[in-house]
Structure formats: C-alpha cells, structure tokens
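Student: Provided below are the primary sequence and the corresponding predicted coordinates.
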Amino acid sequence: MATSSLQTVTLGPKGPQVPALGLGTWSWGDSLFWQYGGAYGPDDVRAAFNASLAAGVNFLDTAEIYGLGKSEELIGQFMQEDNQEVVVATKYMPVPWRFSAQSVADAVTASLKRLKRPSVTLYQVHWPFDFFMSQKTLMNALADEVEQGRIQTIGVSNYSAKQMREAHSHLAARGIPLAVNQVQYSLLHRKIETNGVMEAAQNLEVTILAYSPLAQGLLTGKYTVGSDLQPAGARRLDPRFSKKGLQKIEPVLAALQSIGEAHSKTPVQVALNWLISKGGVVPIPGAKNARQAEQNAGALGWSITDTEREQLENISTSWLK
C-alpha cells in the first residue's frame, strides 16, 4: 500500500501530514513492562519497522524514557539502514531535576543524537508536571527549538482540557500552534469524550494521538475468560485482565468480531478503524513483530458504517467515565 494512497491527517492546524495510523514504540527496548530481550528482541522490532513502512505507516511515536533511550536508539539505527521517509515523534519528560529552559534544549540534543537526526517532526511533553518548571517557561523553550529548526511541531501528552488551553495560549503568544495532545483513547477508555479533552481539541484544532488504542491487548480478542493465554509483565496485575474484567468486555469483543466478519477484517482492525473514523484522531498501536504491524495497517483503506459505529459506541458506554 503506497503512502500516497493512504488516508492522512494533518497534525494541528498547519502541521505535517501523517498517515491516519501511527506506530507506537513503547515496547521497543523496554524490558520492565514489555519484556524486551525475552519473548522478542531487536530482530523482531526491526521486522515490525520494515513491515510498517512497507504498508505505508511511516509515522513512529517514541519517547526518551522508552527503554531509557533504547527505543530512540533502535529507531535511529533502523532509519540509517533504510532510505525511506520516516516521520518521528518523541517526548520530553519533565522530571524534577529539569527546572530550566536549558534542560529542554539538552533533552532535545540527547534525543536527536539517539535518533541520529538533525531535527524531529513532533516533540511532545510527556506529562503536564509543572512543579519545578512552569508551563510558560517550558512552552517558550519548545518554541525556541521550533525557531532554531530542531523540532518542527509541538505537542503535549496526558494534558487535561484546561492544561491544553494554557499550553495553546503560551504557544500562540509566540505564533506557534499546539499540534497534538497524546492521550489514552480506545473503546475501553473513552473518557476524553466526556471530560472536555475531545471538545477542547476540536475547538483548538489539536489532533488527538490515541495511545493504548487496543487497551494493551484487551481488544485483540487474545485474552478471554476461557483462554489459557495470560498477559505478561505488569499487565498480570491489571484487574482488567482478571476473570471479572474479561467478562465485562465480552460484548465489546463480540461486536468487534461480528463487524470484522462483515468486512473481512479482524477485531484489531475494527477497533482501530473506529478511532480513525472519529476524525482528527490518529491511533498509534504498538507492534513487537511484523505480524502485528501488518495487522495494524489493515485498519486503513476502508471504514465501518455509521450503524456499526453507533453499535460500538452504544456497547461501550460503560467506558465513557
């Protein structure tokens, strides 16, 4: 599937165009939550990278904290091995010891070094912590980076509606738009539709990047009450993967399966397509191997019907709050 034939989304009011589906790389290099180096390793994620690009999905989201920099390093390595165009987004973590504008510049420098790039398309603030550096100082430091050409667009992550508006205001004073807010969003986590984030994003022309769009695997259909398959790592402690939790999501999985059969698609592809169909939303599912990357890409190039969208939203109302 050529990139030119894919659905695309513009990040923010005048940012770069990216495919309507991205690739999240939290699991690349992360051995604490995702067991990188055990069940899968560098060859597997390289295959996921190649499969995504082959399908036209060339928008990758990473962060300096993913694998403590390993995710950025892997992406940098893979990009050097491949001549295709790759759009990279990464994130800055406002940890306590970062209390000056210089610390932002230093973090950008470190990320660019790991990515082996002179600039990055999208640079996001990972969490809205402002105990040691005000949002005004932080946004002005990011605006400086845009003016210097080291980052192209600015985004935030996990920001509330009020925090989005504040960040947007500080950037607007510099003539720079806020491009994205990356938040958790899936059929099993629809809070942004009721807490004001979605409304604020639409009013401010901010694109939503939806992380955990498959609810960390719950929407894949792999984990069911009758299955022997158990989640690995920290997910084993997540009550959503308990018998009671899995029973609660059975109607949603049944609807995904039914709609998928009507379109010759998998539950994964239906769940991602629902997000794409919302407009102004780019889901960024993870992929630890080529098979997962190829399946994710199958969410593009088609659309659920209005009736099917309404069915999914009616059956998942429990997750609006």
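Tutor: Nice, I can see it. Numbers count the residues shown, from 1 in each chain.

Student: show me where the chain has helices.
Tutor: Assigned by DSSP state H, the helices in the chain fall at 42-54, 70-81, 101-115, 135-148, 161-172, 197-204, 243-248, 250-263, 267-277, 290-297, 306-315.

Student: what's the fourth one in contact with?
Tutor: With CB atoms under 8 Å, 6 or more residues apart in numbering as the test, helix 135-148 has contacts from 94, 100-101, 104-105, 108, 123, 125, 128, 130, 151-154, 163, 166-167, 170-171, 174, 176. C-beta: built from backbone N, CA, C; applies to glycine.

Student: in this structure, which helix or strand is least confident?
Tutor: Using mean pLDDT, DSSP states H and E, the weakest-scoring helix or strand in the chain turns out to be helix 243-248, at a mean of 76.

Student: can I get the CA coordinates of stretch 161-176 in PDB?
Tutor: As requested, the backbone C-alpha atoms of stretch 161-176 are provided in PDB (Å, rounded to 0.1, in the frame of the first residue of the first chain):
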ATOM      1  CA  ALA A 161      -8.700  20.400  28.600                       C
ATOM      2  CA  LYS A 162      -7.600  23.300  30.900                       C
ATOM      3  CA  GLN A 163      -3.900  22.400  30.600                       C
ATOM      4  CA  MET A 164      -4.200  22.100  26.800                       C
ATOM      5  CA  ARG A 165      -5.700  25.600  26.600                       C
ATOM      6  CA  GLU A 166      -2.900  27.000  28.800                       C
ATOM      7  CA  ALA A 167      -0.200  25.400  26.600                       C
ATOM      8  CA  HIS A 168      -2.000  26.600  23.500                       C
ATOM      9  CA  SER A 169      -2.200  30.200  24.800                       C
ATOM     10  CA  HIS A 170       1.600  30.300  25.600                       C
ATOM     11  CA  LEU A 171       2.500  29.000  22.200                       C
ATOM     12  CA  ALA A 172       0.000  31.300  20.400                       C
ATOM     13  CA  ALA A 173       1.900  34.200  22.000                       C
ATOM     14  CA  ARG A 174       4.900  33.000  20.000                       C
ATOM     15  CA  GLY A 175       2.900  32.500  16.900                       C
ATOM     16  CA  ILE A 176       3.200  28.700  17.100                       C
END
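
Student: buried set for that stretch?
Tutor: Within stretch 161-176, the residues scored as buried using 16 or more other CB atoms under 10 Å are 161, 163, 164, 165, 166, 167, 168, 170, 171, 176.

Student: next, format the residues you listed as CSV and append pLDDT.
Tutor: Shown next, in CSV, are the buried residues of stretch 161-176 (pLDDT from 0 to 100):
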residue, pLDDT
161, 98
163, 98
164, 98
165, 98
166, 98
167, 98
168, 98
170, 98
171, 98
176, 98
